[in-house]
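Visitor: Could you look at this predicted model? Sequence included:
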2 protein chains.
Amino acid sequence: MTKSIFYHAGCPVCISAEHDIIELIGTDNVEIVHLGQDKSRIAEAEKAGVQSVPALVTPKGNALHINFGASLTDVRG
Amino acid sequence: MTKSIFYHAGCPVCISAEHDIIELIGTDNVEIVHLGQDKSRIAEAEKAGVQSVPALVTPKGNALHINFGASLTDVRG
């Protein structure tokens, strides 16, 4: 299985969701990307269908928006 | 690990998320509850913090709202 990618921006909702996701699918199965710190990857996230963070992009390429922390527009700042 | 519970209501968004979640965390690790068919469990879902479906309640008791299919008010009908 290819890795999932978990996009977040350091917000409290994001961190909480991150812990849950890692616990559920295992730290080895997910790459964590902090879009606030790594803005160069915002375009990649958008292309994958991510509209807000936290979001998980599955190996199949589906974007799952988990709860709501911030829109990508806010992250871009 | 105790099971997670995935609450949904049969909507297209729910079914799509269900497939992703089962693939990510494994069918043995999640109980699937169709609130549209089993309305007696809506109160239980609400108590767990579920506000809309599809949602995943983790073994730790956190409610993760995944994308947005319908509010519990709509499911109750």
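Guide: Arrived safely, thanks for sending.
Visitor: Look at residue A:51 and say how many residues are nearby.
Guide: The number of residues packed near residue A:51 is 14, by other C-beta atoms under 10 Å in any protein chain shown. Where C-beta positions appear, they are placed from N, C-alpha and C, glycine not excepted.
Visitor: er, residue A:62 actually
Guide: Neighbours of residue A:62 (other C-beta under 10 Å): 17.
Visitor: Who are the contact partners of it?
Guide: A:49, B:16, B:20 (C-beta atoms under 8 Å, 6 or more residues apart in numbering or on different chains).
Visitor: okay, now the second one: neighbour count?
Guide: Which is residue B:16. Per other C-beta under 10 Å, the neighbour tally for residue B:16 reads 17.
Visitor: Against residue A:34, how distant is it?
Guide: When distance is defined by C-beta to C-beta, to the nearest Å, residue B:16 is 27 Å away from residue A:34.
Visitor: Spatially nearest residue to residue A:64 (excluding sequence neighbours)?
Guide: Of all residues beyond its chain neighbours, the one nearest residue A:64 is residue A:56 (4.6 Å), with distances taken as C-beta to C-beta, 6 or more residues apart in numbering or on different chains.
Visitor: Quick one: residues contacting that neighbour.
Guide: With C-beta under 8 Å, 6+ apart, residue A:56 has these contacts: A:4, A:5, A:6, A:7, A:21, A:30, A:63, A:64, A:66, B:24.
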